[in-house]
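> With the sequence up front, the predicted model follows.
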Amino acid sequence: MTPAETTRRTAVASAPKLQLFLAAQLFRLRALIALFVLSGVFAALSPSFLTSANLTILVEHVAINAILGVGMTFVILSGGIDLSVGSIAGLAGIVAGGLIHQGLILRTFGVVVYPHTWLVIAVALLAGAVVGAFNGVLIAYAGIAPFIVTLGSLYVARGTALLLSNGATFPDLGGKPDLGNTGFLWLGSGSVLGIPVPIWMMIMIAAAGMFVAGRTPFGRRMYSVGGNERAAELSGVRVPRIKLAVYVISGICAAAVGLIIAAQLASAHPATGESFELNAIAAVVLGGTSLMGGRGSVGGTLIGAFVIGVLADGLILLGVSEFWQVVIKGLVIIAAVILDQMQHHYARRAAAMIRT
Amino acid sequence: MTPAETTRRTAVASAPKLQLFLAAQLFRLRALIALFVLSGVFAALSPSFLTSANLTILVEHVAINAILGVGMTFVILSGGIDLSVGSIAGLAGIVAGGLIHQGLILRTFGVVVYPHTWLVIAVALLAGAVVGAFNGVLIAYAGIAPFIVTLGSLYVARGTALLLSNGATFPDLGGKPDLGNTGFLWLGSGSVLGIPVPIWMMIMIAAAGMFVAGRTPFGRRMYSVGGNERAAELSGVRVPRIKLAVYVISGICAAAVGLIIAAQLASAHPATGESFELNAIAAVVLGGTSLMGGRGSVGGTLIGAFVIGVLADGLILLGVSEFWQVVIKGLVIIAAVILDQMQHHYARRAAAMIRT
Amino acid sequence: GTGPSTRGPKTIAVITPSHDNPFFKAEAEAAAARARELGYEPTMSSHDDDAHKQDQLIDVAIANKAAAIILDNAGADASVAAVRKAKSAGIPVFLIDREINATGIAVSQIVSDNYQGASLVAQEFVRLMGEKGNYIELTGRESDTNAAIRTRGFHDVLDKFDGLKQVGRQSANWSQTEAYQTIETMIQANRNVKGVIAGNDTMALGAAAALKNAGLEKVIVVGFDGSPDAIASIQAGGMKATVLQPASRIARMAVEQAHKYLTKGSTGLPEKQAIDCELVTAANADQFGIFGKK
Amino acid sequence: MSPNVILEARGVSMQYPGTLALDNVTFQLRKGMVSALIGENGAGKSTLVKILAGIAQPTSGSLFLEGAEIALRSVRDADAQGIGIIHQELNLCPNLSVAENIFLAREISSHGVLNRREQEARARELLERLEQPIHPRTLVGDLPLGQQQIVEIVKALARNVRVLMMDEPTSALSAYEIEILFRIIADLKARGVAIVYISHRLEELLRVADTVSVLRDGRMVGEGCAADVDTGWLVERMTGRSAAPPEAPPQAETGREVLRVERLSLVAERGRRLLDDVSLSVRSGEVLGIYGLMGAGRTELMECLMGLHPEVVGSVFLGSRKLDHLDTASRIDCGLAMVPEDRQAAGLVQSLSVLSNMTLSSLGRFSNRIWISAGAEESAAARVATELRLKTPGLKVNIGTLSGGNQQKAVIAKCLLTRPRVLLLDEPTRGVDVGAKREIQGIVRRLARSGMAVVLASSELEEVRATADRIIVMSRGSVSGEFLAAEASDDSLAIAASSEIPQKGAGYDSC
Ligand SMILES: Nc1ncnc2c1ncn2[C@@H]1O[C@H](COP(=O)(O)OP(=O)(O)OP(=O)(O)O)[C@@H](O)[C@H]1O
Ligand SMILES: Nc1ncnc2c1ncn2[C@@H]1O[C@H](COP(=O)(O)OP(=O)(O)OP(=O)(O)O)[C@@H](O)[C@H]1O
Ligand SMILES: [Mg+2]
Ligand SMILES: [Mg+2]
């Protein structure tokens, strides 16, 4: 185990209420420091950074990584990894786009059915769940390494999306009133109480994620599988079911992201979502979740997603040259974790001081 | 531990010399089955597949993944991961390209120095080693998660390459006789005893890799670090040194790949090597190495690299449409591992039979 | 955009695919340079041909209250919504190099005529091949509009000649490395190939390198774009021809029209403007610089 | 058959690749009775109870629950039948809290929402029954081995079982905790629970057991009432040899001082002192025993000697050499070697073969500048293996397939192969059968006589007294007494061990 994890591990450990609360807070704070620093810098350098307009857009962009991140956190907490999220997003978009744009062609009856928007969304999410289940079954029951399975389905899902749309883009997904399939775009550009729908989705999914991970038996078992699979099994945890579940969840989150993007672009492109997996995993790890499984939190992932989002948008706002953006992104990712660890180290020192 | 690994783990177990040897052979054979099946299919479907010319080209393509894979195997055996190999390849190519094409500009003296080809190669490899050391130090001494560190240097190295060449390609790396920097292309298109240089490099690097991993104290210690870091430390293994070393090795292998590609194309492009890491890791895992570290072999990785190479080239030979290629690639990656495990399962059954 | 007029020079956002392709770098820099001359503050950013990232870049430009957007877009259909968003935010968009499948949203769509260019280079290819022989086609990313248009342009010419036989067709995703390995493998299946026609210059260069290393230097390779590397290769006798898209000129035109539009309220020109590509061969290669006549 | 047989294994055999772990074994568990199960390392004890608990499926033979044949395909099946097990190798999730581990897969929840408060309350009760001041919210990973074993026990008790297997439940416990455990066992019996009790500590075992069954090489070779058997009989049955009388420690003539420890202090994160101003010295040819209750700080002391706690204050001398600021590797080169307390976590590399594990610390010796000479490596390893009577199908098999005791021997072998000047043994005979234990103790004596200095930490009085020349007693991280083995009495040691030394900083009970 890396020192990083050793620290993390003893961090949560603390007995009486007060210290526990303290430690918990510090734990939450972790990546936040990096986030504050970044935001501060950008706010100082660009007047438009802190405008509500920009912040709304920022959060809207963060939502993508955050939603992927929630599913990914589940998978990683249970000791796995999911490389297929990007492709699933692409596939879900194409499925939805296809159903809206050219409907469901029933050769046998020679008719074309245009399902209602809600049905379209359901089917797209289902597609995500199916790929997730495919991953889960092979990993949980055939016992194949998660990396390989999800790498495989990364290609399979992407290829399927390309084949479905024959490589083309499905345009103007606004739908037609006479076909009763309008309203899809609301997912991307609609807003409730002045807050864009994607942000609402992020909030809801994140809240649900935190609850499930932290407050339900399923959550505990997921942590146990990631912590010590054999022990979990010997304690009577149905390990395969847990694994299957987390990959399905991750698949659905990815599909949701695919829908949001398709709705924002009002068109579905089969190549959507390429290399999303790296950003999603980065968000999770920046959020302090251990890739060894068993340690971490959905909350952390949110912060991680914000770090990445703020960085990307901030650099663009400042008009930093593309090449420098790449370098800076890399440095910040590393710096964030170093900062995190230092701050964490001192936090623990402090905690120790309090006790003595 | 996943069933996959449980099987792997007990695989090595087998009593007297003979069975041991047997099991060892079976262990080696693992991914081979998949390889034979694939080759068989392509040989049947395309007459030109088994021509010596095509096979040479095939192996030349495999060399890229194989060389990256050797370094990656070291990293993964020691319990880490290296996402930066692709970027390192790109960087090394640009460094070499720059030195040959525009030389080393010494502003202070207002002169331009064109280093000799060997020096160029040395510097490029050094660049790879430096990035590797950067990874290694942060992982081994600062204790930061390998995934994050190498994800960071993935961007940093890529960005540096882009900045160095200002995004442009360095063309015609043939060099000029009067500058004494010719001969670079030999790395890509030269051949010795009728076998292309890249293949020789693969052979030498793989042989060295097998020897180091299997026969040297360093190799043994590397396995122990991946298997149980704490026990290794308590047994007197200098864990940080081992970690540093494996990332440097991986960096050098990646740089070598970058040189080969630049020499083949006779030009260096800063975006070279994008997403190479996935193929390299896939080769390692297909070869039966556990991503948890401590279990696996360089030999297996070679076979894994061949599986990927044969698949890619075979599909091109058959002129399969791009989209189907993507799907098939995914399915084969998964199928290969399933096959591997089944065959392995029976092998163990058999082994057990022999004993009783 | 209300804010900018009060503080500092107006900004013009130049959004293109990645600058690691000299073509886009050239057009972005040309646009930026012209914008500066006209007293604007240009910002350059790249969407890596990812419509989602492009959408985010447009968002940022809007938040940034840019005066105008010069866009080399990431997909004819995928970009429509983004452009519409900018328009409704009161920011005029000027498209360069690639058009979108909608009119009346962007102020101008100035594109080099990909179809015309493709047929141009195809005709030269036919001439070089002597109207007969086996050839291989390397196409760009199959999910990319320009790839499709260029293929169509090629075949509308090539298919008229019965002597010409396409023995292989693969996508190399615009990439030099992929083109290199793909060609290496494809020539195994058909050693008697006489020509390679590629959807862009980077693939053409990869193909040329592969053929050279295979000792098939005399195979005719033609490309598309007119990149400096390609022109150099043509002069050195590697590639045989390419068509040059006047990227720099197009970019400058776009900025000038933007300026006119912002000051006079209209460009006085039709939305769609197609600029012809120019054929580059060994004969005239020396007259061309970075995506434009010297 | 007697009505009060709850669970029975009839003609059970277990075939592992390479080993026949159980050979047609029949074994009965009776209501309210403790059936002890003994045997040398690798005899098949764990395998048998694993089968009874549904963890492993026998290759042949069948199980009967209250007369009716049943198939236990999984832990869940067994659990549904009220069959529980305390594992030999701890099976806990280090990343979960004590309470969460105890209720894993049986979470207390209302409408799908976890009821933390309730779980922790229940956990606290159970821990108090065992008189353990462990806070239910502590991460298990932060507990020392001894306390982890307590948690493992509590976990089993939390599920009201009618059959309970205890596979070496006391291996990491000291006298005090063992007494408590026996009380628990007593009232389990009173509640009619049938118990299987596996242990290598024969005296302790004879105290709790009603019946004793002996396994040798997977065969049941003897059964009897605890009342009318003695350790001699047991040892003879287990080993097939007649029990050799325990050799009295001959006073080895001690030479110059090799190891000196000066004022060592170590403060844990929570500010409590794990080590408090410890000084001691060991001479060549001497065996220094360190006795103490669980949590006395012996492990920390040894870890500090090996350089695993850089933050320690005070200094360590090996001969005239000052070791402070040296890393573990250099200390091993200087002639220190340690057999850790927790072999799974710190002793073994589970992915490597027996051979590779044995030679890991001494690879330098078997390699020229570049590569390892397989011959030299194997012969050296083979020599030590026979010396320690290490039981394995072969040196190249995966270490994981060895029985607990033999794994321990492999770890000891690893240390011996480094030819240490000072050997640190932390609970070296934990989970090791009597025969092997005697061997190991004998080996320790031999090594001492050959001039090696040995420091041996143990929670077993008999062991310390049988092996050590001099005994230091630790309590709450500091030395609370020092005796010559000859003069030490059980009482004086016990008193010193539980002596209250004023504690700086809070105890872990309050952290
Ligand atoms: N998973 C396994 N694969 C192969 N052989 C095994 C496996 N588990 C146990 N064995 C073998 O079965 C035999 C019995 O092992 P077991 O663990 O039951 O012994 P034990 O009586 O519990 O020993 P100890 O007292 O040391 O725990 C040993 O020879 C061991 O090598
Ligand atoms: N990781 C840890 N976190 C918190 N407290 C710890 C940790 N490790 C040990 N301790 C405490 O430090 C003291 C020393 O524990 P340790 O088990 O090493 O003592 P010991 O004398 O070796 O006992 P044992 O008989 O278990 O070896 C104990 O009070 C234990 O609770
Ligand atoms: Mg046992
Ligand atoms: Mg201890």
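In hand now; what should we look at? Ligands and ions are numbered 1, 2, ... in the order given.
> C-alpha only now, for contacts and for neighbours.
Will do.
> Next up, the contacts around the residue lying closest to residue D:146 once chain neighbours are set aside.
Spatial nearest neighbour of residue D:146, excluding adjacent residues (CA to CA, 6 or more residues apart in numbering or on different chains): residue D:172 at 4.9 Å. Contacts for residue D:172 (CA atoms under 8 Å, 6 or more residues apart in numbering or on different chains) come out as D:145-146, D:149, D:430.
> which residues touch the closest residue in space to residue A:175 that isn't next to it in sequence?
Nearest non-adjacent residue to residue A:175, counting by CA to CA, 6+ apart: residue A:182, 4.3 Å away. With contact set as CA under 8 Å, 6+ apart, residue A:182 has these partners: A:117, A:174-176.
> Tell me the secondary structure at the residue nearest to residue D:146.
Of the three states, residue D:172 takes coil under DSSP: H, G, I helix; E, B strand; the rest coil.
> Show me where the stretch 1-150 of chain D has its helices.
Assigned by DSSP state H, counting those that start in this stretch, the stretch 1-150 of chain D shows helices spanning D:45-52, D:75-80, D:98-102, D:116-129, D:145-158.
> Out of those, which is the most enclosed?
Most buried of the helices of the stretch 1-150 of chain D, by mean neighbour count (mean count of other CA atoms under 10 Å in any protein chain shown): helix D:98-102, with a mean of 29.
> Can you list the helices and strands that it packs against?
Other helices and strands packing on helix D:98-102, by 3 or more CA pairs under 8 Å, 6 or more residues apart in numbering or on different chains; DSSP states H and E, are helix D:116-129, helix D:145-158.
> if we compare these, which one ends up closest to ligand 2?
Ranking the helices and strands packed on helix D:98-102 by proximity to ligand 2 (CA to the nearest ligand atom) places helix D:145-158 first, at 4.4 Å.
> Could you check the angle that closest one makes with helix D:116-129?
Counting by axes from the mean of the first three to the mean of the last three CA atoms, to 10 degrees, helix D:145-158 lies at 110 degrees to helix D:116-129.
> I figured residue A:86 was touching residue A:280, is that so?
No: using CA atoms under 8 Å, residue A:86 makes no contact with residue A:280, being 9.1 Å away.
> Quick check: neighbours shared by the two?
Counting by CA under 8 Å, 6+ apart, residue A:86 and residue A:280 have no shared contacts at all.
> Walking through the stretch 151-300 of chain A, point out its helices one by one.
Counting by DSSP H, counting those that start in this stretch, the helices of the stretch 151-300 of chain A are A:186-189, A:197-215, A:217-227, A:229-234, A:239-265, A:276-286, A:298-317.
> With residue D:354 as the reference, name the closest of these.
Closest approach to residue D:354 among those (CA to CA): helix A:229-234, 22.1 Å.
> And chain B, is that closest one touching that?
Yes: judged by CA under 8 Å from any CA of the partner chain, helix A:229-234 and chain B are in contact via A:229-230.
> Which elements pack onto that helix?
Secondary-structure packing of helix A:229-234 (3+ CA pairs under 8 Å, 6+ apart): helix A:217-227, helix A:239-265.
> and that helix, average pLDDT?
Per-residue pLDDT values over helix A:229-234 give a mean of 90.
> again, but for stretch D:391-402
Stretch D:391-402 shows a mean pLDDT of 87.
> Span of it from start to end?
Counting by CA to CA, to the nearest Å, you get 8 Å between the two ends of stretch D:391-402.
> Can you show me the strands along the chain?
Answering for chain A, as no chain was given. A:104-106, A:111-113, A:191-192, A:195-196 (DSSP state E).
> I was after chain C.
Using DSSP E, the strands of chain C run over residues C:11-16, C:41-46, C:68-71, C:93-96, C:108-112, C:133-139, C:164-171, C:195-198, C:220-222, C:241-244, C:272-275, C:278-281.
> Nearest to residue A:287 among the ones you listed would be which one?
Minimum separation from residue A:287 across these (CA to CA) falls at strand C:41-46, 27.6 Å.
> What is that closest one packed up against?
Counting contacts by 3+ CA pairs under 8 Å, 6+ apart, strand C:41-46 packs against helix A:322-355, strand C:11-16, helix C:22-37.
> what about 6 Å?
When contacts are defined as 3 or more CA pairs under 6 Å, 6 or more residues apart in numbering or on different chains; DSSP states H and E, strand C:41-46 packs onto strand C:11-16.
> residues touching residue C:94, list them.
Neighbour list for residue C:94: C:70, C:106-108 [criterion: CA atoms under 6 Å, 6 or more residues apart in numbering or on different chains].
> For stretch D:211-229, buried residues please.
Within stretch D:211-229, the residues that count as buried by 16 or more other CA atoms under 10 Å in any protein chain shown are D:211-220, D:223, D:226.
> a markdown table please, covering these and showing distance to chain A, pLDDT and secondary structure.
Written out in a markdown table, the entries for those read as follows (distance: CA to the nearest CA, whole Å; pLDDT from 0 to 100; DSSP: H, G, I helix; E, B strand; the rest coil):
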| residue | distance to chain A | pLDDT | secondary structure |
| --- | --- | --- | --- |
| D:211 | 28 | 92 | strand |
| D:212 | 27 | 92 | strand |
| D:213 | 26 | 92 | strand |
| D:214 | 26 | 91 | strand |
| D:215 | 25 | 91 | strand |
| D:216 | 27 | 88 | strand |
| D:217 | 26 | 85 | coil |
| D:218 | 24 | 89 | coil |
| D:219 | 26 | 91 | strand |
| D:220 | 27 | 91 | strand |
| D:223 | 30 | 89 | strand |
| D:226 | 31 | 85 | helix |
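> Just the pLDDT at the closest residue to residue D:427 other than its chain neighbours, thanks.
Distance criterion CA to CA, 6+ apart; nearest residue to residue D:427, sequence neighbours excluded, is residue D:458 at 4.8 Å. You'll see residue D:458 listed with a pLDDT of 89.
> what about residue D:458, neighbour count?
For residue D:458, the count of nearby residues is 26 (other CA atoms under 10 Å in any protein chain shown).
> what's across from it in the sheet?
The residues listed as beta-bridge partners of residue D:458 by DSSP bridges are residue D:291.
> can you tell me how far it sits from residue D:471?
Relative to residue D:471, residue D:458 is positioned 11 Å away (criterion: CA to CA).
> which regions of the stretch 201-350 of chain A lie under the pLDDT threshold?
Low-confidence segments of the stretch 201-350 of chain A (pLDDT under 70): A:343-350.
> And for chain D?
Scanning chain D for pLDDT under 70 picks out D:1-3, D:241-253, D:269-271, D:500-511.
> What parts of it come near chain B?
Proximity of chain D to chain B, by CA under 6 Å from any CA of the partner chain, involves residues D:17-18, D:328-329, D:346-349, D:351, D:361, D:363, D:371-372, D:393-394, D:397-398.
> swap the cut-off to 7 Å and go again
Along chain D, the residues adjacent to chain B under the rule CA under 7 Å from any CA of the partner chain are D:17-18, D:328-329, D:332, D:345-351, D:360-361, D:363, D:370-372, D:393-394, D:396-398.
> Excluding chain neighbours, give the residue nearest to residue 267 in space.
Here I'm looking at chain A. In space, and not counting its chain neighbours, residue A:267 is closest to residue A:171: 4.5 Å by CA to CA, 6+ apart.
> look at chain D instead
Among residues not flanking residue D:267 along the chain, residue D:273 sits closest, at 4.4 Å (CA to CA, 6+ apart).
> With residue C:228 instead?
Nearest non-adjacent residue to residue C:228, counting by CA to CA, 6+ apart: residue C:290, 5.8 Å away.
> my read: that neighbour touches residue C:230, true?
No: applying CA atoms under 7 Å, one finds residue C:290 not in contact with residue C:230, separated by 10.7 Å.
> So those two - more neighbours on which side?
residue C:230 (29 against 19).
> so what's the more buried one up against?
C:201, C:205, C:239 (CA atoms under 7 Å, 6 or more residues apart in numbering or on different chains).
> Swap in 8 Å and give it another go.
So, once contact is read as CA under 8 Å, 6+ apart, residue C:230 ends up touching C:201-202, C:205, C:223, C:239, C:242.
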